[in-house]
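A.B. asks: sharing a sequence plus its predicted fold:
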Amino acid sequence: MIIEGSADFFRITKRLHHALHGSRGDGSPLGPAERETYEARLRAQRGTLVKLVKPGDVVLLHDPQSAGFAGPLVKAGALVFWRCHVGSDDTNDETRLGWEFLGPYLDQMAALIFSRQAYVPGTVDRARAVVIPPSIDAFSAKNQSLSIPVTRAILEVANLTAGEAIPAQTGFRRDDGTEGQVQRPATVVRSADPPPWHTPLLTQISRWDPLKDHVGVMRAFASLVEEGGARDAHLVLAGPDVTAVADDPEGAGTYADLLSAWHALPDQSRGRVHLANLPMDDAEENAAIVNALQRHASVVVQKSLQEGFGLTVTEAMWKARPIIASAVGGIRDQIVDGEHGILLGNPGDLGAAARAMRRLLDDREMARGLGFAARDRVQERYLGIRHLLQYVDLLERRDGT
């Protein structure tokens with residue numbers, strides 16, 4: 001089930017998201033008035049959820065948006081687990097503020113599930129805290145195998161590479177086993193033609209979130225172009241259509257800032273940077289486009305300033321792509337620098353990011369080796385079977401069977 005929020009509700013939960021990362025976000029308060037707005041929105045929807053719950057059922061709540069459902073579900077006899085996908089290695093005033101806001105709801109949970117041990121706050125009962133790293137579904141539309149002709153057709157129909165696509169070749173398998181087709185193009189801002197298929201492509205795919213630092217990625221690549229070190233490579237920065245995502249109030253503003261910075265680039269580098277808003281009308285179609293873009297990329301970048309775990313990194317690793325990523329959050333658990341990708345010790349160092357881009361563009365043998373090692377790493381640690389077994393173990397321990 002998915003929460004239907006209001007603008008105020010999503011502003012508060014995005015503020016909580018930033019706080020748990022140790023960031024101020026928009027700096028707005030998280031006081032009694034915000035708590036009342038948060039709880040009022042959940043009260044308006046909890047009846048639908050509670051009606052589905054029988055005593056002994058297990059309910060898994062995800063992230064700050066749903067934590068306030070805990071009390072009514074416990075009263076209905078459910079065993080309630082809370083899964084937190086964000087966190088910070090360090091404690092500061094912001095993390096304390098965020099955990100204080102969530103504290104009354106977390107106290108009612110049977111178990112609290114975190115992606116990393118470092119994310120477990122000192123304010124919760126450690127006996128109820130469990131560490132279960134996330135995983136990917138290798139058979140989903142976002143991660144399933146795609147042939148080169150299908151990958152190429154999807155990207156051409158999506159307006160991300162140049163060519164004359166055959167729409168009938170854009171098929172992918174949906175979760176229910178039926179065949180899907182990519183039909184909708186992305187809305188792309190560019191000052192030149194789409195990159196040809198055989199042109200090296202760098203990409204970062206993520207929400208339009210200031211913590212993802214799209215502007216930093218773009219400026220690092222632009223500096224490489226101006227120095228003549230980017231060969232004929234292009235950069236695609238891709239995210240969800242900003243007009244179609246209701247639960248991220250910062251998305252439109254972050255994208256507007258990126259667009260402004262793109263206009264300020266020199267002509268030479270601006271012509272090789274493409275800003276893509278991916279269609280969101282069909283979630284699995286969107287996932288198929290992401291899949292094709294990652295599979296085609298010569299280099300995948302994830303230069304986050306903060307990161308909970310970084311499943312976009314896991315997804316790219318599964319596709320054997322060479323990766324440049326920030327040494328933050330769960331990315332450090334996934335990548336050993338120089339073995340499965342290149343880690344940026346200081347995400348704000350644009351010179352280091354540009355040098356890493358140049359290194360992987362120039363040394364294709366190294367890039368291929370990193371990609372193959374990355375795929376092996378995901379196969380060993382981050383597929384669904386491991387995740388499922390950890391949940392089974394948690395359920396057995398919590399319900400006493």
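C.D. replies: Sure thing, it's come through. On a predicted model such as this, the values are computed, not experimentally measured, just so you know.
A.B. asks: just give the nearest non-adjacent residue to Arg381, would you?
C.D. replies: Sequence neighbours aside, Pro133 is the residue nearest to Arg381 in space, at 7.4 Å (criterion: Cβ to Cβ, 6 or more residues apart in numbering). Quick note: C-beta positions are derived from backbone N, CA and C, even for glycine.
A.B. asks: state whether the one you found is indeed within a strand.
C.D. replies: No. Counting by DSSP: H, G, I helix; E, B strand; the rest coil, Pro133 is not found in a strand; it is coil.
A.B. asks: which residues touch it?
C.D. replies: 115-116, 309, 330, 333, 381-382, 387 (Cβ atoms under 8 Å, 6 or more residues apart in numbering).
A.B. asks: how about Glu34?
C.D. replies: Counting by Cβ under 8 Å, 6+ apart, Glu34 has contacts 12, 15, 28, 101.
A.B. asks: and the pLDDT at it?
C.D. replies: Confidence at Glu34, expressed as pLDDT, is 97.
A.B. asks: ok, the one 3 residues further on next?
C.D. replies: Per-residue confidence at Thr37 stands at 97 (pLDDT).
A.B. asks: equivalent analysis for Asp248, please.
C.D. replies: 82.
A.B. asks: my guess is it meets Phe10, correct?
C.D. replies: Yes. Counting by Cβ atoms under 8 Å, Asp248 touches Phe10, with 7.1 Å between them.
A.B. asks: tell me where the stretch 101-250 of the chain has helices.
C.D. replies: Listed in chain order, the helices of the stretch 101-250 of the chain (DSSP state H, counting those that start in this stretch) span 148-157, 214-226.
A.B. asks: do you know which of those lies nearest Val290?
C.D. replies: helix 148-157 (10.0 Å; Cβ to Cβ).
A.B. asks: ok, residues contacting that closest one?
C.D. replies: In contact with helix 148-157 (Cβ under 8 Å, 6+ apart) are residues 146, 161-167, 169-172, 182-183, 185, 197, 288-289, 291-293, 295-296.
A.B. asks: Ile289 - nearest residue in space that isn't next to it in sequence?
C.D. replies: Excluding the flanking residues, the one nearest Ile289 by Cβ to Cβ, 6+ apart is Ala158, at 4.9 Å.
A.B. asks: next one: Gly251
C.D. replies: Nearest residue to Gly251 in three dimensions, chain neighbours excluded: Trp208, at 4.3 Å (Cβ to Cβ, 6+ apart).
A.B. asks: go on, Gln306?
C.D. replies: Closest residue to Gln306 apart from its sequence neighbours, by Cβ to Cβ, 6+ apart: His21 at 4.3 Å.
A.B. asks: distance of the one you found relative to Leu293?
C.D. replies: 26 Å (Cβ to Cβ, to the nearest Å).
A.B. asks: likewise for His85?
C.D. replies: 23 Å.
A.B. asks: next: Gly345.
C.D. replies: Relative to Leu293, Gly345 is positioned 27 Å away (Cβ to Cβ).
A.B. asks: who has more neighbours, those two?
C.D. replies: Neighbours per residue, other Cβ atoms under 10 Å: of Gly345 and Leu293, the larger number sits with Leu293, 25 against 10.
A.B. asks: excluding chain neighbours, what is closest to the more buried one?
C.D. replies: Nearest residue to Leu293, sequence neighbours excluded (Cβ to Cβ, 6+ apart): Thr203, at 5.7 Å.
A.B. asks: that neighbour is in contact with Val301, isn't it?
C.D. replies: Yes. Thr203 is within contact range of Val301, at 7.0 Å (criterion: Cβ under 8 Å).
A.B. asks: and stretch 187-205, average pLDDT?
C.D. replies: The average of the pLDDT scores along stretch 187-205 is 96.
A.B. asks: should've said stretch 73-82
C.D. replies: If you average the pLDDT values across stretch 73-82, you get 96.
A.B. asks: kindly report the same for stretch 91-111.
C.D. replies: pLDDT averaged over stretch 91-111 gives 97.
A.B. asks: what does the helix-or-strand element of the chain with minimal mean pLDDT rub up against?
C.D. replies: Lowest by mean pLDDT, DSSP states H and E among the helices and strands of the chain is helix 384-399, with a mean of 91. Here helix 384-399 makes contact (Cβ under 8 Å, 6+ apart) with 56, 58, 79, 81, 110-111, 113, 130, 132-138.
A.B. asks: and those, which of them are buried?
C.D. replies: 58, 79, 81, 110-111, 113, 130, 132-136, 138 (16 or more other Cβ atoms under 10 Å).
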